[in-house]
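**Q** Sequence below, structure please.
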Amino acid sequence: MRLILLVLPALLLFSACANHVADNQFYEKALSNHFCSESFFKTEQKRMDSNKDIIYTGLNAGAIARNCGDFNISNDFLDKAEEAYKYDVDLEGLGSKGAKLVGSALVNEAVFDYQGTLYERIMVNIYKGLNFMSLNDFENARVEFNRALMRQGKAKEYFANQIAANRAEFEEAKSTQNFDENMKQNYENVLSQYDHLLKDFDTSKNFINPYATYTAALFFFLDKDYTRAVDLLKEVAVINSRSAEFKKEFKVFNQYASSTNPQRLQKYIFVVYESGFGAGLDELSFTLPFIFDDQLITSSFALPILKKRENSFSYILANGIKTSQFVSFDDVIATEFKTELATKITKAISSTILKTTLNIAVAKNDPTGGLLSMASSIVTASTSRADVRFWNALPKFASVAMIENNGELIIKSDDGRILYTNNEINKDKNAMLVIRSYLRYLPNTFYLIQP
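**A** Residues are numbered from 1 along each chain as shown. Predicted coordinates:
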């Protein structure tokens, strides 16, 4: 009982710091409103230097710096996030992981540093690669795109391991009190609600992000490694087999790969449009019945749920050519979310059972006349929050268009407004234009790359 008195204040302190809704809103505002001040990046750097949630801070600050055109600063932040992935997540010791599992059972995962997702790790390397391309550093860009492709190649293995982990987690939960009533039935109840909530997302069995493969293909094309480029584009073209755009692009890539003198071929501009805000996370509360010592007790907990966010232009026009959508980031995000869901539900219910058991024990042996029981109940409520951190910068959709390079480029929105003009493009070289639009009524960012 004395131990509980010591632990409760600490748990309250941890849980008070675990609500990241305001942080998500801040980073979304910083992206949409182009926060580019030196003081902003210094503040974010101080957070990184003090080891404050390095991955979460690095991902978001790195994207904001890219949005400002500060590619070196962007890569500095993203480098630190990737290093934290490698050393704090990928290579984390079993003892440390075990300690976190015990801690999260009593508190919640939001009090620990953000570990990120697989699709985010892939996109870190993609954006670092694009940053290096904008800096005309194709040597380092090649390293980043190769890393992204390697991580994507391991995705199938990851998913197979995660499904096995889900089964192991559920088997372990069978030791909980009144398993059939407390775990099995509640698990099925929660899962059925998620099936309804995720019906607007299209999830696939095999994880793949066509955007990563496509941008890598464009890099190798601009780097004149045409054989590698056509092999990568083929993967995207197969997925989009009915797309006239990808049939056209694959034909051009094949021409370059087959030509003995590709410098004499027609040059093109590849327009890549990133639209809107990708799916984020919100908190969903559940109140479920549990049986302890033949008594029915209701208890509440929260889990993350995907929420769709606002799109920008549905397409853009590049010299009159409409971009073709080829990837929904919402669906990429939902695929991994659904794969992780079984483990999240099992952990949440197991944690609730543990906390409720603690509350019952405290109530039976409360020497404070009810004060300790009240504190225990407050801890249970405050530590049942969901971890809603995510990388705010990923787009909702990506679409592309390839146009002949005649030295001029006019970009229009889906309602005909001119967004960008450039009549000084070298028509003797291939080029790439990346367009980032978060919201249709706010300024857009344009990244022209022509090595």
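
**Q** Name the spans of the stretch 351-451 of the chain whose pLDDT lies under the cut-off.
**A** Applying pLDDT under 70 to the stretch 351-451 of the chain flags residues 356-384.

**Q** So which residues of it form strands?
**A** Counting by DSSP state E, counting those that start in this stretch, the segments of the stretch 351-451 of the chain that form strands are 397-404, 409-412, 418-422, 431-437, 445-449.

**Q** Out of those strands, which is closest to residue 208?
**A** With C-beta to C-beta as the criterion, residue 208 lies closest to strand 397-404 of those, at 13.6 Å. In short, each C-beta sits where N, CA and C put it, glycine included.

**Q** Please save the CA atoms from the closest one in PDB.
**A** This file holds the C-alpha atoms of strand 397-404, laid out as PDB (Å, rounded to 0.1, in the frame of the first residue of the first chain):
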ATOM      1  CA  PHE A 397      -2.800  12.100 -52.400                       C
ATOM      2  CA  ALA A 398       0.000  12.200 -55.000                       C
ATOM      3  CA  SER A 399      -0.500  12.600 -58.700                       C
ATOM      4  CA  VAL A 400       1.900  13.000 -61.700                       C
ATOM      5  CA  ALA A 401       2.100  14.200 -65.300                       C
ATOM      6  CA  MET A 402       4.900  14.000 -67.800                       C
ATOM      7  CA  ILE A 403       5.000  16.700 -70.400                       C
ATOM      8  CA  GLU A 404       7.400  17.500 -73.200                       C
END
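
**Q** Just checking: what are the partner strands of that strand?
**A** strand 268-275 (antiparallel), strand 324-328 (antiparallel) (DSSP bridges).

**Q** Distance to residue 226 and mean neighbour count for the strands of the stretch 351-451 of the chain - can I get that in JSON lines?
**A** Listed next are the strands of the stretch 351-451 of the chain as JSON lines, based on distance: least, C-beta to C-beta, whole Å; neighbours: other C-beta atoms under 10 Å:
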{"stretch": "strand 397-404", "distance to residue 226": "15", "mean neighbour count": "21"}
{"stretch": "strand 409-412", "distance to residue 226": "23", "mean neighbour count": "19"}
{"stretch": "strand 418-422", "distance to residue 226": "25", "mean neighbour count": "14"}
{"stretch": "strand 431-437", "distance to residue 226": "15", "mean neighbour count": "21"}
{"stretch": "strand 445-449", "distance to residue 226": "17", "mean neighbour count": "17"}
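
**Q** now those in JSON lines, with distance to residue 271?
**A** Below are these laid out as JSON lines (distance: least, C-beta to C-beta, whole Å):
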{"stretch": "strand 397-404", "distance to residue 271": "5"}
{"stretch": "strand 409-412", "distance to residue 271": "7"}
{"stretch": "strand 418-422", "distance to residue 271": "10"}
{"stretch": "strand 431-437", "distance to residue 271": "5"}
{"stretch": "strand 445-449", "distance to residue 271": "10"}
